[in-house]
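>>> pasting the sequence and the predicted coordinates here, then a few questions.
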Amino acid sequence: MITADTNKIEGRRYPAGRCTKGFVGEGRPITAKGFAMGLVILDPEGGQVPWHAHPNEEVYTIIEGTAQIAVGDELGSLSAGQAVYIPPNTFHQLTNLSGSPVKLLYCYSPAGDVDHWKQELAGTLPRAGIEAPALPVGAAPQRTDTEG
């Protein structure tokens, strides 16, 4: 039996205020080839998966807390127990506006590392309204800082 324990996975800190612990996919404890999954913990007061797009279809499932979600030109809120589908090549962003951490699971297909992880770490993530489409009206600003 192949298992993964997210409590024992150190994860990676990202400048936009989150820790990501991938546990399914290439180079992960569970090496599924067709999809990737992981746990994300958004910091309180602005922790974010910043505005980005990729060719993978994806689902975010909130397991603790409430976060603002932007998908394309739509803006909404997701709370524990809710999930959102993100179509391929659609810009999206998730922001924690509360004073408590938000925990979510992501699942995307096909597997592999998505470019926005490397771009965020390098400080080259396309900026909303400049190199990328503008965020929906009312969305939290995209975090592009490289100091997390």
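Yep, that arrived.
>>> what helix or strand is the residue nearest to the spatial centre of the chain on?
In the chain, the residue lying closest to the centroid (C-alpha atoms, centre = their mean) is residue 49, at 4.1 Å. Assigned by DSSP states H and E, residue 49 belongs to strand 48-52.
>>> name the residues of stretch 104-119 that are buried.
104, 105, 106, 107, 108, 109, 111, 112, 114, 116, 117 (16 or more other C-beta atoms under 10 Å). (Each C-beta comes from the backbone N, C-alpha and C, glycine too.)
>>> the last one is in contact with residue 14, isn't it?
Looking back up the chat, that one is residue 117. Yes: the criterion here is C-beta atoms under 8 Å, and residue 117 meets it with residue 14 at 7.3 Å.
>>> which residues do those two both contact?
Taking C-beta atoms under 8 Å, 6 or more residues apart in numbering as the criterion, residue 117 and residue 14 both touch residue 20.
>>> before we move on, which element is residue 119 in?
Assigned by DSSP H and E, residue 119 falls within helix 115-122.
>>> state the mean pLDDT of that helix.
Mean pLDDT, helix 115-122: 92.
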